[in-house]
Every structure is written in structure tokens, then in C-alpha cells.
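Novice: Sequence and computational prediction follow.
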Amino acid sequence: KAGVTQTPRYLIKTRGQQVTLSCSPISGHRSVSWYQQTPGQGLQFLFEYFSETQRNKGNFPGRFSGRQFSNSRSEMNVSTLELGDSALYLCASSLSQMGDEQFFGPGTRLTVL
Amino acid sequence: AQSVSQHNHHVILSEAASLELGCNYSYGGTVNLFWYVQYPGQHLQLLLKYFSGDPLVKGIKGFEAEFIKSKFSFNLRKPSVQWSDTAEYFCAVNANSNYQLIWGAGTKLIIKP
């Protein structure tokens, strides 16, 4: 069974630009969660989608948004990039419930210059 | 707000030493508890989890964790570590009615051969 895939793996953007990251969950998984990982901060929860609906959202500004498609693939978008948005963005998929094991992708490394 | 504290950011041990990594959370209700591990160059993966029942849970590779409700703790243990246990370990907590995981900042474990 193929794992969680994320594209692109690396991105370099400049302040003020916007970016879209993509995540393809494991086949059959309907829940997709997004996290921001920075050194010393652990993983900060961005949002979680299930069946195209956002079920929960973390404490991030409105510049961070996401969506999920009918095939469970998900995208997240960050508009008006700031230097502080430089991080590893991780996507995780699970079968359905929050307590299910989450399977992580390799992440997208975003650098904002 | 919920939070998760991992007491040690860096731990260095020799092979065969015993390991205990601390994890405390702040939430008074029912929780699901997780330990994830990230080996160098690999994705985050589940080490073990606690939902209910026996507070001593066993995971992969000889790891175990004990849930002590009165102390709001879920410490990870291994009686004898190996060089291959070098990794970053994350504790995560999910409140039963919530669709997000709250993560600790992680503990980097280095095992000296």
C-alpha cells in the first residue's frame, strides 16, 4: 500500500507570495491533518479534514487555509508569505477517527526569503 | 488550552542504559495518548498509544509507556536502549471530543555505541 505523498518536497518563495502544498493520503483514509513543524516547537496543528469538511482548526491566521477533495486528497494554501512561515509542513492521514493512528508523509520544506 | 510538555529536549545515553522520557499534559477530561518516533531520514511513525484499559501499554521495538492519570503523565520507557533507538520522540495528546492532536516539542535521543 502506497504511503502518504506530499508535493512538492521543497519550495523556496519570497515574502508576500502565496504557496499551495498538496497531500495524497493512503488509499482508504478519509481524514487528513496538516501540521507545521519547526525546530524546538514540535508539531503545531493547522487543520483536519474529513470527507471534504474541515472538522477542526488550529490557532493559525487566516492566511493558512486548506481544502479536501472528494478523493480525499488535500491541499493547503498559505497567502502573503512571511519569513516566519519557513517550516516543514507535514500531512498525516488516518482512517476516520481522531484516535486512529496517523500516517505521515515526508513533508514539504518551505523556505521564505 | 491543552498543552503537552516533554521535559528533556536532548538525551544522550550509552547502549544498554535504561530510558525514560517524560511527558505531561494539561487536560482534565478523557484523553487518548500517543508516542511517535522519527528516525533520522524517516517519516514520523507511531510507537504506541493509550486509549483505555491497562495503563501500561507496550509498543514496537521494546518500548512501553505508563499512563498515570493522577499525574497527567504518559512517560515512555525502555529497559535497555540500542544504538538504533537514536531518533526524535514526540508525545501527543488528543482530548476525546476533539479532532486535533496536541504535540510536545519532542526529545532528541542520541545513543552512543
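Specialist: Perfect, I can see it now. Predicted model only: the values in this text are computed from it and were never measured.
Novice: element containing the residue nearest in space to the middle of chain B, please.
Specialist: The centre of chain B sits closest to B:W35, judged by Cα atoms, centre = their mean, with a distance of 3.7 Å. Here B:W35, judged by DSSP states H and E, is contained in strand B:31-38.
Novice: outside of that strand, which residues touch it?
Specialist: Residues outside strand B:31-38 that contact it (Cβ atoms under 8 Å, 6 or more residues apart in numbering or on different chains): A:98-99, B:23, B:25, B:44-51, B:59, B:63, B:65, B:67, B:74, B:76, B:87-96, B:101. Where C-beta positions appear, they are placed from N, C-alpha and C, glycine not excepted.
Novice: Can you point out the buried residues in that strand?
Specialist: Neighbour-count burial for strand B:31-38, counted by 16 or more other Cβ atoms under 10 Å in any protein chain shown, picks out B:V31, B:N32, B:L33, B:F34, B:W35, B:Y36, B:V37, B:Q38.
Novice: Name the nearest of these relative to chain A.
Specialist: Proximity of the buried residues of strand B:31-38 to chain A (Cβ to the nearest Cβ) peaks at B:N32, which lies at 4.6 Å.
Novice: Wait, B:A17 touches B:V81, no?
Specialist: Yes: applying Cβ atoms under 8 Å, one finds B:A17 in contact with B:V81, separated by 5.8 Å.
Novice: Give me the more crowded residue out of these two.
Specialist: Using other Cβ atoms under 10 Å in any protein chain shown as the criterion, B:A17 and B:V81 rank with B:V81 on top: 22 against 14.
Novice: From what I see, B:L109 and B:L21 are in contact.
Specialist: Yes: using Cβ under 8 Å, B:L109 is in contact with B:L21, at 7.4 Å.
Novice: Identify the contacts common to these two.
Specialist: Taking Cβ under 8 Å, 6+ apart as the criterion, B:L109 and B:L21 both touch B:V11, B:Y89.
Novice: Which residues of chain A lie near chain B?
Specialist: A:3-4, A:33, A:35, A:40-45, A:48, A:50, A:55-56, A:58, A:90, A:92, A:98-99, A:101-106 (Cβ under 8 Å from any Cβ of the partner chain).
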